[in-house]
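> Sequence first, predicted coordinates after that:
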Amino acid sequence: MQSIESLISTLSGWVWGPPMLILLVGTGLYLTLLLRGMQFRALGHAFRLILEKDHGHEGDISHFGALMTALAATVGIGNIVGVATAITLGGPGAVFWMWMTGLVGMATKYAEAVLAQKYRERGDFGMRGGPMYYLAKGANLPVLAWLFALFTALATFGIGNMTQANAVAGIFHSTFSIEPWMTGVVLTLLTGVVILGGIRSIANFTSFLVPFMILCYVIAAGVVLALNASEIPGALSLIFYHAFNPIAAGGGFAGAAVAAAIRYGVARGVFSNESGLGSAPIAAAAARTKDPVKQALVSMTQTFIDTLVVCTMTALVILTATPWTQGVGAASLTSQSFAETLGHTGELIVAIATALFAFSTILGWSYYGEKAIEYLTNSLGGRGAVRHAIHGYRLVFTSVVIVGAMMQLDFVWNFSDLANGLMAIPNLIALLLLSKVIKQETDRYFNTLK
């Protein structure tokens, strides 16, 4: 078993090495140039579309419901622990490169959603779409489509389930002394209640949960920053200066080179907003809309909210406090940074935020896995077995939550990282091959607005 874990860890390191990060950011930069900075010039229009309802058109859920489902999957423990990891390993400059990843990632997220909507189809269990469909129908690469679905189905049990449940169980045990099995039981029951009802149930629940949890977290972080307002200019100065200059070791901080700032900033940014992984377009395909570009614009705001808002608030709270200079580990850095200003209340806020963020991620990824299972079952000639496959998946997915809460997950983390990376490769290939389609759809839409 140890040799298998070592192999998975090595493969994960290869997949998420510099070539992958360059490919992810490079694709986003290429799409930004191709679309003439569409994510900047159309951001206001995109936010106005979020609450617009396209009645009478194909789809299962509203623009807002699709956005909340996708946000549920992306706003997770990466926004708390992931940001802390980037700063711990890459220094304050990592935040700048996280921002850059988010800005170009908005174009990637937009492109994914355009294709997801354009090549989606009506199935027995509602709309179905995402990279497996635009790989097969648009790029004519059915083998890569099947592999993407397989990697998604595998990843959903790791990064979308067990690791999230484990994070909640761990922080509840350390903060409230609640036994992991008790946390696991509650999470399992709540997950089952929501996901057994399918995408409409998930969208209805996340449409309430996600805005609430993000707003509460941003307000709490805003209070901390207001109380430490005099430290904000210094924190911003550190971010911009050390994005291009190494930071020396001092106090308990080990120091970081510029290369580390870039590497960990980009990596944590990608893991947080998932732009390029191909997960979010699965939810975008379910949106009720008359034009693929409209939902794509709405989907684009997901990366902005996740990285440019939530991650930024976490980063500024950390950098306006002192624990990051004292050698505090990433796992507890955000919590201790909040606590420095708010005391034990700060620790409670981070614990509750972690639980809500992680639970929402479980819900969002459950839908991604369900659509992957549906595609795999259909592709194997099992059209009549789809209903049984989906029901079986929902039961297994729900049951695995308690397993994740109670076990050590080093292997699962590495396996999840590997599966996520393998998802990204075929998706990025499709985005590049179908970039002409993306531009045509974009030009058509904006020409109609003139």
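Yep, it's here. Residues are numbered from 1 along each chain as shown.
> CA atoms for contacts and neighbours, from now on please.
Will do.
> Once you drop chain neighbours, what's closest to the spatially most central residue of the chain?
The chain has residue 74 as the residue nearest its centroid, 2.6 Å off, counting by C-alpha atoms, centre = their mean. Excluding the flanking residues, the one nearest residue 74 by C-alpha to C-alpha, 6 or more residues apart in numbering is residue 273, at 5.6 Å.
> picking that back up, do you know the pLDDT at the residue nearest to the centre of the chain?
We have a pLDDT of 82 for residue 74.
> quick one: the residue nearest to residue 74 from residue 396, how far?
Relative to residue 396, residue 273 is positioned 26 Å away (C-alpha to C-alpha, to the nearest Å).
> Looking at those two, which one has more neighbours?
residue 273 (32 against 12; other C-alpha atoms under 10 Å).
> how close does that one sit to residue 287?
Separation of residue 273 from residue 287 (C-alpha to C-alpha): 19 Å.
> Also residue 426?
When residue 426 is compared with residue 287 (using C-alpha to C-alpha), they lie 23 Å apart.
> Low-confidence stretches in the protein?
1, 54-60, 251, 381-384, 409-410, 450 (pLDDT under 70).
> Mind listing residues that contact stretch 415-430?
With contact meaning C-alpha atoms under 8 Å, 6 or more residues apart in numbering, stretch 415-430 is reached by 8-9, 11-12, 15-16, 20, 23-24, 27, 131, 134-135, 139, 144-145, 147-148, 151-152, 154-155, 158-159, 276-278.
> let's see 6 Å
12, 15, 131, 135, 144, 148, 151, 155, 158-159, 276-278 (C-alpha atoms under 6 Å, 6 or more residues apart in numbering).
> Counting neighbours, which of those comes out on top?
Greatest neighbour count in the contacts of stretch 415-430, by other C-alpha under 10 Å, goes to residue 131: 34 neighbours.
> Tell me how far that one lies from residue 90.
32 Å.
> just the strands in this structure please.
121-123, 126-128 (DSSP state E).
> residues in contact with the residue nearest to residue 74?
Counted by C-alpha under 6 Å, 6+ apart, residue 273 has contacts 74, 303, 306.
> and the second one, what is it in contact with?
Remark: with contacts taken as C-alpha under 6 Å, 6+ apart, residue 303 is in contact with 106, 273.
> Could you rerun that using 8 Å?
Counted by C-alpha under 8 Å, 6+ apart, residue 303 has contacts 102, 103, 105, 106, 109, 273, 275.
> How about the last one?
Applying C-alpha under 8 Å, 6+ apart to residue 306 gives the contacts 71, 74, 75, 79, 272, 273.
> How many residues are close by the closest residue to the fourth one other than its chain neighbours?
If the residues on either side of it in the chain are set aside, residue 79 comes closest to residue 311, at 5.3 Å by C-alpha to C-alpha, 6+ apart. Residue 311 has 28 neighbouring residues, counting by other C-alpha under 10 Å.
> re earlier: residue 426 and residue 287: which is more packed in?
Neighbours per residue (other C-alpha under 10 Å) separate residue 426 from residue 287, with residue 287 holding more: 27 against 23.
> Export the strands of the chain as CSV, with columns for mean neighbour count and distance to residue 209.
Putting the strands of the chain into CSV (neighbours: other C-alpha atoms under 10 Å; distance: least, C-alpha to C-alpha, whole Å) gives the following:
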stretch, mean neighbour count, distance to residue 209
strand 121-123, 13, 28
strand 126-128, 21, 23
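> out of these, which comes closest to residue 3?
Of all the strands of the chain, strand 126-128 sits nearest to residue 3, with 38.4 Å by C-alpha to C-alpha.
> Centre of the chain to the closest one, how far?
21 Å (C-alpha atoms, centre = their mean, to the nearest Å).
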